[in-house]
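Engineer: Provide a 3D model corresponding to the input given below.
(chains A, B, C and D)
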Protein chains: 2
Amino acid sequence: MSESDTLTLILDAAQDLIQRLGANAMSYQHLSEAVDIRKASIHYHFPTKQDLIEALIDRYHAYFIGLVDRIIAEESDPVRMLDRYMGLFEATLREGKHDKACLCGMLGAELASLGEDAVRNLRRFFKESQDRLAAILKLGRDAQVFRFDGDPAAVAGLIFAALEGALLLVRADGGVKRFRILADELRRLVAA
Amino acid sequence: MSESDTLTLILDAAQDLIQRLGANAMSYQHLSEAVDIRKASIHYHFPTKQDLIEALIDRYHAYFIGLVDRIIAEESDPVRMLDRYMGLFEATLREGKHDKACLCGMLGAELASLGEDAVRNLRRFFKESQDRLAAILKLGRDAQVFRFDGDPAAVAGLIFAALEGALLLVRADGGVKRFRILADELRRLVAA
DNA sequence: GTCTATAGCGCGATAGAC
DNA sequence: GTCTATCGCGCTATAGAC
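Structural biologist: Numbering: from 1, shown residues only, chains lettered A, B, ... in the order given. The predicted structure is shown next:
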């Protein structure tokens, strides 16, 4: 944890910039200032910007899905699972000095600027994140701690879109306080 | 309607580009090709890019809120109002050849790149859109065609975030078909 | 109101020394 | 693995002719 090799520092700086500003507003120049290294040196680690973005998506995917899987493994109560799942989004928003959106939510908005490999991996992130959420919802309904009609995947799609949308929108107004109100509504949505 | 003066053509082209690619990927060069005019001529109408973006937000705000107000005025059934409100988002997604996000949702993602005037007007758009939605929800609950607990504004915030998030996400996977599934879940969420 | 021409900068990327 | 130096391009924006 907290590796400080150059490659990791570049990834960290790039992720921070994209989550705040978007991929199209993130440049090698910004990175070189954040990491205190020359622009050309960044190209040694990531020949093209697409390479960098793809590496970022892969790392974020592994990190996020890993956290979700740990939540599912650690908790027995689906209500707690959902709380902690939503907590991951709130933690993203709060981490660092400025409000941050989800890396993949931001890249999803800028989808048309990405290469096809990046888009494919982005889709994978969205699918697996929603599949995990659907599994949690199904567990909870089977255990009768959640109540909702229809397909767990459809409800998961709604909750996921609301969480991603909220991260992008509350940065304009209301911040984390507003996010929490929204999360409360989501809890109510599936409450038994 | 359908004015074809240069200024309107520029606004139309800029809005299309931003809804598909984002503001940071939209350039005067792209606009000049879309409108078939020289780059410099665009600066006559909109001296800076910030001016153009502010004008776009103002126009979109007036257009969208105008449509919502018409829906509220024309319909007597809140269920129909909500259907048509969500229909505005679906229409945005479908209009033109490629899937489009909400102009303001996209700009919300790129918030940090915008000037403070643009941010203020963006906030106004979000607030008024959600206030109208909250009013529809309250009407429906009073008329007992909707059922939900708590503050209509909180539920409106959830629905609005889900709709904006959905527009951004379904472009990666599922498109309008997936949007409709999500809209169905939202209907169910408040159904009496 | 639109044009040509251009300034001035930041961008992604590469070559080659160390 | 990091550096200096540089290329070539696209960007926003301006000056001035028509």
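
Engineer: now do the contacts for residue A:108.
Structural biologist: A:122, A:126, A:164, B:168-169, B:171-172 (Cβ atoms under 8 Å, 6 or more residues apart in numbering or on different chains). C-betas here are computed from N, CA, C, even on glycine.

Engineer: are any of these buried, and which?
Structural biologist: A:122, A:126, A:164, B:168-169, B:171-172 (16 or more other Cβ atoms under 10 Å in any protein chain shown).

Engineer: got the contact list for the helix or strand hosting residue A:90?
Structural biologist: Using DSSP states H and E, residue A:90 sits in helix A:78-94. Contacting residues not belonging to helix A:78-94 are listed as A:19, A:64, A:67-68, A:71-72, A:75, A:99-102, A:132-133, A:136-137, A:139-140, A:143, A:145-146, A:163-164, A:166-167, A:170-171, A:175-176, A:179-180, A:183, A:186-187, A:190 [Cβ under 8 Å, 6+ apart].

Engineer: put the alpha carbons of it into CSV.
Structural biologist: Provided in CSV are the C-alpha atoms of helix A:78-94 (Å, rounded to 0.1, in the frame of the first residue of the first chain):
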residue,chain,number,x,y,z
PRO,A,78,-27.6,-7.2,3.1
VAL,A,79,-28.7,-3.9,4.6
ARG,A,80,-25.2,-3.3,5.8
MET,A,81,-23.8,-4.4,2.4
LEU,A,82,-25.9,-1.8,0.7
ASP,A,83,-24.9,0.9,3.2
ARG,A,84,-21.3,0.2,2.7
TYR,A,85,-21.7,0.0,-1.1
MET,A,86,-23.2,3.5,-1.1
GLY,A,87,-20.5,4.5,1.3
LEU,A,88,-17.9,3.8,-1.3
PHE,A,89,-19.5,6.5,-3.5
GLU,A,90,-19.7,9.0,-0.6
ALA,A,91,-16.0,8.3,0.2
THR,A,92,-15.1,9.1,-3.4
LEU,A,93,-16.9,12.4,-3.2
ARG,A,94,-15.2,13.4,0.0
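
Engineer: now find how far off-centre the helix or strand just after that helix is within its chain.
Structural biologist: Stepping forward along the backbone from helix A:78-94, the first helix or strand reached (DSSP H and E) is helix A:103-109. On the basis of Cα atoms, centre = their mean, to the nearest Å, helix A:103-109 sits 8 Å off its chain's mean C-alpha point.

Engineer: going on from helix A:103-109, what's the next piece of helix or strand?
Structural biologist: According to DSSP H and E, the helix or strand after helix A:103-109 is helix A:116-142.

Engineer: buried stuff in that following helix?
Structural biologist: In helix A:116-142, counting by 16+ other Cβ under 10 Å, buried: A:118-119, A:121-126, A:129-130, A:132-141.

Engineer: just the buried subset of the contacts of helix A:78-94, please.
Structural biologist: Among the contacts of helix A:78-94, those buried by neighbour count (16+ other Cβ under 10 Å) are A:19, A:64, A:68, A:71-72, A:75, A:99-102, A:132-133, A:136-137, A:139-140, A:145-146, A:163-164, A:166-167, A:170-171, A:179-180, A:183, A:186, A:190.

Engineer: run a quick neighbour tally on residue A:111.
Structural biologist: Close neighbours of residue A:111, defined as other Cβ atoms under 10 Å in any protein chain shown, add up to 21.

Engineer: what residues are up against it?
Structural biologist: Counting by Cβ under 8 Å, 6+ apart, residue A:111 has contacts A:119, A:122, B:171-172.

Engineer: still on that earlier bit, nearest to DNA strand C among the buried ones among the contacts of residue A:108?
Structural biologist: Comparing the buried ones among the contacts of residue A:108 against DNA strand C with Cβ to the nearest atom of the strand places residue A:122 closest, at 18.5 Å.

Engineer: contacts only, for the closest one.
Structural biologist: Residues near residue A:122 by Cβ under 8 Å, 6+ apart: A:57, A:104, A:107-108, A:111, A:114, B:172.

Engineer: from the residues you listed, list the ones also adjacent to DNA strand D.
Structural biologist: Of the residues in those, proximity to DNA strand D by Cβ under 7 Å from any atom of the strand holds for none.

Engineer: out of the contacts of residue A:108, which sit inside helices?
Structural biologist: A:122, A:126, A:164, B:168-169 (DSSP state H).

Engineer: for those residues, which one is nearest residue A:8?
Structural biologist: residue A:122 (21.5 Å; Cβ to Cβ).

Engineer: give me the most central residue, chain A.
Structural biologist: Centroid check for chain A by Cα atoms, centre = their mean gives residue A:102 as the closest residue, at 3.8 Å.
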